[in-house]
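Visitor: this is a predicted model, with the sequence first.
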2 protein chains.
Amino acid sequence: MAAVERKRGGLARDIKGCARRIVVADGVSSLTLAAIARDLGITSPAIYRYYDGVGDIVRELAADIVTDLVNAMRRAVAEQRDTGPKLAAATRAFRQWSVEHRAEFALLFGNGSALPDPDIATDWVRRLAQVWGPLVGQAWRDHAPRITPEERLAAPLRTQLAGYRELIGADDVPLGLVLVFLDCWRQIYGMVCLEVFGHFGAAFTDHEPLFENMLAGLLHRLGVGPDPG
Amino acid sequence: MAAVERKRGGLARDIKGCARRIVVADGVSSLTLAAIARDLGITSPAIYRYYDGVGDIVRELAADIVTDLVNAMRRAVAEQRDTGPKLAAATRAFRQWSVEHRAEFALLFGNGSALPDPDIATDWVRRLAQVWGPLVGQAWRDHAPRITPEERLAAPLRTQLAGYRELIGADDVPLGLVLVFLDCWRQIYGMVCLEVFGHFGAAFTDHEPLFENMLAGLLHRLGVGPDPG
DNA sequence: CGACAACCGTAACGCATATTAACGTAAAGG
DNA sequence: CCTTTACGTTAATATGCGTTACGGTTGTCG
């Protein structure tokens, strides 16, 4: 029966699927060629016909996972009409996906050592930024939130922000908005990491109220939500 | 020469020291009994005289590392007189230690899978909280920062905050302050994780300006710093 | 001085993993 | 129909790790 699936689609798909199953079940450290072969009912040398090794599989797996995450966010965004709800939906989708896919999240955001190539991080952070970024820009144009004027930013901060703005090719937005964007990403990232990795310990039975409180603050800063307090 | 050191102090110290060296150099995944034995010029079975296995070593190592981190923060706090500078110093020390001890930081804050016992996380997060917590309380009593009044907090959030307040035994502070404290920790954690794990990619040559900007915001919210903009 | 304990090395076993090379088979294409 | 190509297995090599059992050395203490 596995052979049936194998015929259409080829082993490559099966291998990646199996690899993902293993990562989800036992973590990326348990992902070995032998384990994949066992689960798939094949022998490990066969895998070399399709991948150069376990590192290669992890690389592709990471790319797929990022696509999944980005798609989940885009779907959530598409369901909303206005910028504020779009931003809220994207952020909630990010959290929800992360909580529901802890192992995959850990593969991306955990110890960098899991990913063989550090450039990958640079790449997919960009892909994430492409979801939030345009929405933040839209909020700025439509709702004119209060941002720090350029001349009030410390010189070293200006330098860093300018470099980042150039990197993402958003020449038409003020540095203050870039700062707000980074603040948002930083806070969302920290919040979700704390929840997924359990670094709050057993302090909370439910992280959603904390998350929603943070989200309300971010939306307010972007001019698309009321002052939460 | 190693034998000389070994005589005073015993192998236990040497083993832990060597284990830490390995973690720093090659990451926790490279920490094996065989590697320790090789580096130390002994044989791996000898280690069983002192530890029950690699998990046991990691456990003790983590405890030591937390002590290091907390001590670094306490030292920085002790050098300051007033609450505001104390808070700033503690937070800067946290970042500086983390950046200078990336491998150790990763052992604590990375993928939970590195630590054999999840209760450890709960424990040492508490130890960290004991550095910041009292300072936040002091800032609240001395400078009366604006915090969200209890009745304006959403009911689910109130429930979670009350549970956390009870857990840390700070019955005399309002829930709004607990929320501020958690916000601070969350932001500091996220910022430092982003820097240490490289999830900003190559976007920044220097993370300090971003960190200082965040810190200024936090201090302002605690009533011990000017409005940063 | 002799017994005892602490200490560490040797030997051995069992296990998992990656990776290469050679081999056979079955489908595809002329 | 024959050849070629794709594909997966078998075999073999090499490495590394954890763990237990046993034995010998060394220093200490009665």
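Guide: Everything's here; your move.

Visitor: close to DNA strand D: what parts of chain A are there?
Guide: With C-beta under 7 Å from any atom of the strand as the criterion, chain A comes near DNA strand D at residues A:6, A:10-11, A:41-43, A:45-46, A:49-50. The C-beta positions use only the backbone N, C-alpha and C, and glycine is treated the same way.

Visitor: where helices are concerned, which of the residues you listed count?
Guide: Judged by DSSP state H, the subset of these located in helices is A:6, A:10-11, A:45-46.

Visitor: who wins for most neighbours among those residues?
Guide: Highest neighbour count within those: A:L11, with 19 neighbours (other C-beta atoms under 10 Å in any protein chain shown).

Visitor: got the phi/psi numbers for the residue nearest to it when sequence neighbours are not counted?
Guide: Nearest residue to A:L11 in three dimensions, chain neighbours excluded: A:Y50, at 5.9 Å (C-beta to C-beta, 6 or more residues apart in numbering or on different chains). A:Y50 adopts backbone torsions of phi -120, psi -30, taken as degrees, to the nearest 10.

Visitor: what residues are up against A:Y50?
Guide: Residues near A:Y50 by C-beta atoms under 8 Å, 6 or more residues apart in numbering or on different chains: A:10-12, A:15.

Visitor: A:D172 and A:V178, how far apart?
Guide: 11 Å (C-beta to C-beta, to the nearest Å).

Visitor: oh, I was asking about A:S29
Guide: From A:S29 across to A:V178, the span is 37 Å (C-beta to C-beta).

Visitor: between the two, which is the more surrounded one?
Guide: Set A:S29 next to A:V178 and count neighbours by other C-beta under 10 Å: A:V178 wins out with 21 against 13.

Visitor: give the contact list for that one.
Guide: The contact partners of A:V178, by C-beta under 8 Å, 6+ apart, come to A:161, A:164-165, A:170.

Visitor: what helix or strand does it sit in?
Guide: Remark: A:V178 resides in helix A:175-197, with elements defined by DSSP states H and E.

Visitor: that helix vs helix B:175-197, what angle?
Guide: Orientation of helix A:175-197 against helix B:175-197 (axes from the mean of the first three to the mean of the last three C-alpha atoms, to 10 degrees) gives an angle of 90 degrees.

Visitor: render the CA-only coordinates of helix A:175-197 in PDB, please.
Guide: Once side chains and other backbone atoms are set aside, the C-alpha atoms of helix A:175-197 remain, and they are given as PDB (Å, rounded to 0.1, in the frame of the first residue of the first chain):
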ATOM      1  CA  LEU A 175      12.500  55.200   9.900                       C
ATOM      2  CA  GLY A 176      10.100  55.600  12.800                       C
ATOM      3  CA  LEU A 177       7.700  53.200  11.100                       C
ATOM      4  CA  VAL A 178      10.500  50.700  10.500                       C
ATOM      5  CA  LEU A 179      11.100  50.900  14.200                       C
ATOM      6  CA  VAL A 180       7.500  50.200  15.000                       C
ATOM      7  CA  PHE A 181       7.500  47.300  12.600                       C
ATOM      8  CA  LEU A 182      10.500  45.800  14.300                       C
ATOM      9  CA  ASP A 183       9.000  46.300  17.700                       C
ATOM     10  CA  CYS A 184       5.900  44.500  16.700                       C
ATOM     11  CA  TRP A 185       7.800  41.500  15.200                       C
ATOM     12  CA  ARG A 186      10.100  41.400  18.300                       C
ATOM     13  CA  GLN A 187       7.100  41.300  20.600                       C
ATOM     14  CA  ILE A 188       5.200  38.800  18.700                       C
ATOM     15  CA  TYR A 189       8.200  36.600  18.400                       C
ATOM     16  CA  GLY A 190       9.000  36.700  22.100                       C
ATOM     17  CA  MET A 191       5.500  36.100  23.200                       C
ATOM     18  CA  VAL A 192       5.000  33.000  21.000                       C
ATOM     19  CA  CYS A 193       8.400  31.600  21.800                       C
ATOM     20  CA  LEU A 194       7.700  31.900  25.500                       C
ATOM     21  CA  GLU A 195       4.500  30.000  25.000                       C
ATOM     22  CA  VAL A 196       5.700  27.300  22.700                       C
ATOM     23  CA  PHE A 197       9.000  26.600  24.400                       C
END
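
Visitor: next SSE after it?
Guide: Immediately after helix A:175-197, counting by DSSP H and E, sits helix A:208-221.

Visitor: ok and that next one relative to helix B:175-197, angle-wise?
Guide: For helix A:208-221 against helix B:175-197, the angle between stretch directions is 80 degrees (the same axes, to 10 degrees).
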